[in-house]
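Engineer: everything below, folded, please.
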Amino acid sequence: MHTKILWPWELPEVLNGIAVIADVWGATTNITTFLRKGVKKLLIVNKNNVQRAKTEYKNALVIGESLELPPGFFDASNYPSDVTSIDVENRIVLYMSNNGSHVIESAFQRKAIKTITVSFTNIRVISDYLKNLKENVYLIPSGDIGSSDSKVAEDLICVESLDKLIKGKTVDLEKAQEDAKSFISVNYGDENFDQESNFKVVFNLNSSTSIPLCNQNKQGFIEIEDFNKLA
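Structural biologist: As a prediction, the model looks like this:
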């Protein structure tokens, strides 16, 4: 197995391997929360197909964020503490974010063999899963895609830690979390959110055993399911 760390804007046109996506301060942490809380169906949507998804899936919850859709459009925000507090058990969730969900869609467009997601909440189970595979693995920190295409430290720290775990190297995951937390505190300090309640969710190390696997369903939407429950 060969691993390569690439930002979304560095990806080749075709991913001849497995895509592993990290969006620590949002999407990939929230995905493990949705799966842990017993979501009935978890679909990735975007501004172009969310209305169709709402028509296809009546009474679905729309959760996330968008730079173009109004805040009132969503039943809950993209903050991890809000995702934790909303009841999604046996509900259909349509989920979108500014970065992570778009990177998941991009991996599909590039025909990745498999697309899975990782955060600090499930980093150990993901590393154990990947160790046993022979395919190339693309470790993709989501960063801030779009006009800025800027690198984001917490995502890079997560995938670098995962890379070391896959290769059997020693990793201080507690320190990695603290480094990521420090970056978020400095760079998102202007946002109006409760740092402590969100940090409890994002940096709850290895609290999830989910392997979030992304597939396209019959309606054409990307659906995320726990690989452990598909066998």
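Engineer: what about the most centrally placed residue in the chain, which helix or strand?
Structural biologist: In the chain, the centroid-proximal residue (C-alpha atoms, centre = their mean) is Thr28; its distance is 2.0 Å. Per DSSP states H and E: Thr28 is located in helix 27-36.
Engineer: same question for that helix, mean pLDDT?
Structural biologist: Averaging pLDDT along helix 27-36 gives 98.
Engineer: beta-bridge partners for the closest residue to Gln216 other than its chain neighbours, please?
Structural biologist: Leaving out its chain neighbours, the residue that sits closest to Gln216 by C-beta to C-beta, 6 or more residues apart in numbering is Ile222, at 5.8 Å. Using the backbone N, CA and C atoms, a C-beta is placed for each residue, glycine as well. Applying DSSP bridges to Ile222 gives these bridge partners: Ile44, Gln216.
Engineer: contact partners for Ile222?
Structural biologist: Leu43, Ile44, Ile104, Glu105, Phe108, Cys214, Asn215, Gln216 (C-beta atoms under 8 Å, 6 or more residues apart in numbering).
Engineer: same check on Tyr95?
Structural biologist: Tyr95 makes contact with Ala27, Asn30, Ile31, Phe34, Leu42, Leu43, Ile44, Val45, Ile63, Gly64, Ser101 under the criterion C-beta under 8 Å, 6+ apart.
Engineer: before we move on, what SS does it have?
Structural biologist: Applying DSSP: H, G, I helix; E, B strand; the rest coil to Tyr95 yields a three-state assignment of strand.
Engineer: how near is it to Tyr57?
Structural biologist: Computed as C-beta to C-beta, to the nearest Å, the Tyr95 to Tyr57 distance reads 12 Å.
Engineer: so what sits against both of those two?
Structural biologist: Common neighbours of Tyr95 and Tyr57 (criterion: C-beta under 8 Å, 6+ apart): Leu43.
Engineer: list the buried ones in stretch 47-62?
Structural biologist: For stretch 47-62, burial by neighbour count (16 or more other C-beta atoms under 10 Å) applies to Asn49, Val50, Ala53, Glu56, Tyr57, Ala60, Leu61, Val62.
Engineer: of all the residues you listed, which comes closest to Asn206?
Structural biologist: Closest approach between these and Asn206, by C-beta to C-beta: Leu61, at 27.0 Å.
Engineer: pretty sure the closest one sits against Ala76.
Structural biologist: Yes - taking contacts as C-beta atoms under 8 Å, Leu61 lies within contact range of Ala76: 7.2 Å.
Engineer: now list whatever residues contact both of those two.
Structural biologist: With C-beta under 8 Å, 6+ apart as the test, Leu61 and Ala76 both reach Ile86.
Engineer: give me every residue that touches the nearest residue to Phe183 once chain neighbours are set aside.
Structural biologist: Of all residues not flanking Phe183 in the chain, Ala153 sits nearest, at 4.0 Å (C-beta to C-beta, 6+ apart). Taking C-beta under 8 Å, 6+ apart, we find Ala153 in contact with Asp179, Ala180, Phe183, Asn187.
Engineer: out of those residues, which end up buried?
Structural biologist: Buried by 16+ other C-beta under 10 Å: Ala180, Phe183, out of the contacts of Ala153.
Engineer: which of the contacts of Ala153 sits closest to Val118?
Structural biologist: Ala180 (12.9 Å).
Engineer: ok, the closest one - contacts?
Structural biologist: Contacts of Ala180 by C-beta under 8 Å, 6+ apart are Val24, Phe120, Ala153, Glu154, Ile157, Cys158, Phe203.
Engineer: return the subset of these lying in helices.
Structural biologist: Ala153, Glu154, Ile157, Cys158 (DSSP state H).
Engineer: got TSV for these, with pLDDT and distance to Lys164 too?
Structural biologist: Listed next are these as TSV, based on pLDDT from 0 to 100; distance: C-beta to C-beta, whole Å:
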residue	pLDDT	distance to Lys164
Ala153	95	16
Glu154	96	16
Ile157	98	11
Cys158	98	11
